[in-house]
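# Structure for the following, please:
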Amino acid sequence: MKVLGISFGRRNQRSDVMVKEALFAAKKAGAEVQFINTLRLDIGHCRACDYCSRMRDKGEVEIHCAMKDDYHILEEACLDADGIIIGAPVYAVGTLGQFKNFVDRFGPSHDRAALLEENKKRIAEGKPELDPRYFKDHYTGYISVGGAQTHNWVALGLPMLDLFSFSFCMKCVGHVDAYDQGRTGHPLLDKELMKKCADLGKTVAEAVGKPYDEVDAWSGPEGVCPVCHNSLLSMNGTTKVECPVCGIWGDLAVEDGKVTVEWSEKEKARARNTTIGIYEHYNEIQNMITVCVPKLTANKEMIDTEMKKYKNFDKVIEEM
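Sure thing, here's the model as predicted:
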């Protein structure tokens with residue numbers, strides 16, 4: 001079993017130290033470990049060129065991005081790993097842009113539902129199947145690193161790290177919210193924090209190789225949502241509340257000043273990182289296509305005519 005540690009922070013600084021501490025514990029638990037720091041990697045943003053999807057649909061066994069940068073280094077490392085621990089600094093309430101660049105390119109191109117459906121077609125037609133690594137289950141753990149003492153300045157760190165799990169249907173088994181680093185000075189000065197990182201690494205390593213439904217271990221605070229264990233809730237004016245990270249609904253109640261949320265097993269089973277959840281999104285996209293394409297076809301002439309002023313924006317503005 002292999003556990004990969006990825007740090008999006010400065011070399012040999014807080015994020016690196018905490019991810020490596022988790023890897024030390026994973027190694028002691030019997031895992032082979034690998035560490036990557038992304039600071040000097042060139043990972044550009046997704047250009048929505050659809051090249052990866054076209055590769056999948058035209059029969060390629062492996063799916064690659066058209067951009068020739070360092071994205072493939074992380075992609076290949078994640079595909080080869082069984083467990084993945086990610087540490088990332090928070091600069092502006094949420095994780096840094098390089099992490100989001102990677103997720104935007106990794107997630108959609110490896111959407112589990114789309115890959116499963118494509119593989120079904122290939123099997124039926126006797127064609128080469130997709131890379132089997134795309135269908136391997138992964139366990140994840142996250143470490144959000146922030147300097148602010150006030151938690152709301154880092155509040156979207158862990159929820160954004162969870163974005164990595166969805167498309168590939170990975171299961172997160174723990175997280176560490178390492179804020180207030182400005183006063184801590186260095187993570188090595190906080191023994192309790194370092195223990196949390198070690199516990200995270202151990203939990204990930206011990207989960208690897210087991211079916212998702214046999215693993216209920218969790219390293220970190222319980223939070224509010226029973227799936228992602230984050231504490232964010234979306235309100236709609238009723239007692240129905242939604243976890244914006246997992247997309248599942250619960251029933252809120254207040255008694256003696258204490259708020260509780262009841263989550264049904266049915267809702268938990270359709271969280272974004274589950275097969276049910278990812279197929280909900282896949283079917284939604286397929287339905288959008290059936291509605292959108294006829295509209296575009298029927299209105300092509302009008303759209304082409306009207307688009308001229310938008311394509312020639314500078315000239316039109318100058319003449320106004």
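# contacts and neighbour counts: CA atoms only from here.
Fine.
# Check which residues of the lowest-mean-pLDDT helix or strand in the chain are buried.
The weakest-scoring helix or strand in the chain, judged by mean pLDDT, DSSP states H and E, is helix 51-57 (a mean of 90). Of all the residues in helix 51-57, those buried under the rule 16 or more other C-alpha atoms under 10 Å are Tyr51, Cys52, Ser53, Met55, Arg56.
# Was I right to think the second one contacts Glu62?
No: taking contacts as C-alpha atoms under 8 Å, Cys52 lies outside contact range of Glu62: 9.4 Å.
# if we can go back for a sec, so which of the buried residues of helix 51-57 comes closest to Gly247?
Ser53 (24.8 Å; C-alpha to C-alpha).
# and that closest one, what is it in contact with?
Ile63, Ser109 (C-alpha atoms under 8 Å, 6 or more residues apart in numbering).
# how far away is it from Trp153?
Distance, Ser53 to Trp153, using C-alpha to C-alpha, to the nearest Å: 37 Å.
# Just the terminal-to-terminal distance for stretch 130-140.
With C-alpha to C-alpha applied, stretch 130-140 spans 23 Å between its terminal residues.
# and what of stretch 38-53?
First-to-last residue span, stretch 38-53, C-alpha to C-alpha: 25 Å.
# how about it: buried residues?
So, applying 16+ other C-alpha under 10 Å, buried residues of stretch 38-53: Thr38, Ile43, Gly44, His45, Cys46, Tyr51, Cys52, Ser53.
# ok, now stretch 207-223?
Those would be Ala207, Val208, Trp218, Ser219, Gly220, for stretch 207-223 by 16+ other C-alpha under 10 Å.
# got JSON lines for these, with secondary structure too?
JSON lines is the format used below for the buried residues of stretch 207-223 (DSSP: H, G, I helix; E, B strand; the rest coil):
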{"residue": "Ala207", "secondary structure": "helix"}
{"residue": "Val208", "secondary structure": "coil"}
{"residue": "Trp218", "secondary structure": "coil"}
{"residue": "Ser219", "secondary structure": "strand"}
{"residue": "Gly220", "secondary structure": "coil"}
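# for this protein, which strand is longest?
strand 83-92 (DSSP state E).
# Note down every partner strand of that strand and its orientation.
Paired strands of strand 83-92, with direction, are strand 2-7 (parallel), strand 94-95 (antiparallel), strand 139-145 (parallel) (DSSP bridges).
# Redo those strands as a markdown table? Include mean neighbour count.
What follows is the strands paired with strand 83-92, written out as a markdown table (neighbours: other C-alpha atoms under 10 Å):
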| stretch | mean neighbour count |
| --- | --- |
| strand 2-7 | 26 |
| strand 94-95 | 23 |
| strand 139-145 | 27 |
